[in-house]
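S.K.: A predicted structure for the sequence below; I have some questions about it.
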Amino acid sequence: MGDLFAPQHLILILVIVVFLFGGKKIPELMRGLGKGIREFKDAKDNVKREIEEHINEDSSTKSTSTNSTSNN
């Protein structure tokens, strides 16, 4: 079937997008796409940070409970 993102396919997709939305709407669409990607990355980073915090919190809790039981 061939490569989906071959240069010919990308040019055809670009031409179709220009016909559908017109030249004036494309910058607005790209801005919206950029904002969406930025928000997605921020949300992904927040989730990753929360997971790491919980992992660190759990490991510090376990190490403290292990130390207190071994000291008795």
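M.R.: Thanks, I have it.

S.K.: low pLDDT regions in this protein?
M.R.: Low-confidence segments of the chain (pLDDT under 70): 1-2, 65-72.

S.K.: Please identify which helix or strand holds the residue nearest to the spatial centre of it.
M.R.: When Cα atoms, centre = their mean is applied to the chain, the residue found nearest the centroid is residue 41 (3.7 Å). Under the criterion of DSSP states H and E, residue 41 resides in helix 25-71.

S.K.: and if you look at residue 14?
M.R.: Using DSSP H and E, residue 14 falls in helix 7-21.

S.K.: Touching that helix from outside, list them.
M.R.: Helix 7-21 has contacts (Cβ atoms under 8 Å, 6 or more residues apart in numbering) with 3, 26, 29. (C-beta placed from N, C-alpha, C; glycine too.)

S.K.: Please determine how far the closest residue to the last one other than its chain neighbours is located from residue 61.
M.R.: Setting aside the residues directly before and after it, residue 29 is nearest to residue 21 in space (Cβ to Cβ, 6 or more residues apart in numbering), at 6.3 Å. Note on residue 21: its distance to residue 61, by Cβ to Cβ, to the nearest Å, is 54 Å.

S.K.: which strands and helices sit next to the helix holding residue 41?
M.R.: helix 7-21 (3 or more Cβ pairs under 8 Å, 6 or more residues apart in numbering; DSSP states H and E).

S.K.: Return the set of buried residues in the helix it packs on.
M.R.: Of all the residues in helix 7-21, not one is buried under the rule 16 or more other Cβ atoms under 10 Å.
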